[in-house]
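> With the input below, show me the fold.
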Amino acid sequence: MAHADYHCCAVCDSKQEYGGDNSTTKEKICPGCLKDLRRQDLSILDVPELINWIRGTDIVKVRRILRNIGFRFCFYSNDVDDAVRAKGIDMESGSRVVAMK
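You can find the predicted model right below:
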């Protein structure tokens, strides 16, 4: 099955469950990433909270925390990746991980 056939995590972009023609891109945060967010002292529970945190937090802190929790950009357009890019953060060349600056 193709990546586009699965619901994927808003943070790590891993496949969560099969969605078929109704699959979603980064609309939920997997349990492992929720725990990783907590370890970074963030009480984010869902994607809207994640996007608001990205938009309202200093770029250096966002970049550091996203790298710490294993954030991965998706191959498909989505609101989370758009918020990260709008913040001025992009992926490393040849990779889907957050670029260091």
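> drop to CA atoms for contacts and neighbour counts, all remaining ones
Noted.
> now the lowest-mean-pLDDT helix or strand in the chain: how far from the chain's centre is it?
Every helix and strand of the chain was ranked by mean pLDDT, DSSP states H and E. The lowest is strand 15-18, at a mean of 76. Distance of strand 15-18 from its chain centroid, counting by CA atoms, centre = their mean, to the nearest Å, is 15 Å.
> How about stretch 67-86?
Relative to its parent chain, stretch 67-86 has a centroid offset of 4 Å by CA atoms, centre = their mean.
> Which strands border the least confident helix or strand of the chain, and is each parallel or antiparallel?
Strand 15-18 has these partner strands in its sheet, going by DSSP bridges: strand 6-8 (antiparallel).
> I'd like the average pLDDT over the partner strand.
The average pLDDT within strand 6-8 is 79.
> can you map out the helices along the chain?
Ranges of helices in the chain, per DSSP state H, are 31-39, 47-56, 59-68, 79-86.
> need the ones you listed in a markdown table with distance to Arg96, mean pLDDT and mean neighbour count, can you?
A markdown table is the format used below for the helices of the chain (distance: least, CA to CA, whole Å; pLDDT from 0 to 100; neighbours: other CA atoms under 10 Å):
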| stretch | distance to Arg96 | mean pLDDT | mean neighbour count |
| --- | --- | --- | --- |
| helix 31-39 | 17 | 97 | 16 |
| helix 47-56 | 18 | 98 | 16 |
| helix 59-68 | 11 | 96 | 16 |
| helix 79-86 | 11 | 96 | 17 |
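> give the contact list for Lys26.
With contact taken as CA atoms under 8 Å, 6 or more residues apart in numbering, Lys26 is in contact with His7, Cys8, Cys9, Ala10, Val11, Asp13, Val47, Asn78, Asp79, Val80.
> ok, Met100 - how many residues close by?
Neighbour count for Met100, taken as other CA atoms under 10 Å: 12.
> quick one: it from Ala86, how far?
Plainly put, Met100 is 16 Å away from Ala86 if you go by CA to CA, to the nearest Å.
> Please apply the same query to Lys15.
Distance of Lys15 to Ala86, given as CA to CA: 25 Å.
> sorry, back to before: the helices of the chain into TSV, with extra columns for distance to Ser95?
What follows is the helices of the chain, written out as TSV (distance: least, CA to CA, whole Å):
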stretch	distance to Ser95
helix 31-39	20
helix 47-56	21
helix 59-68	13
helix 79-86	14
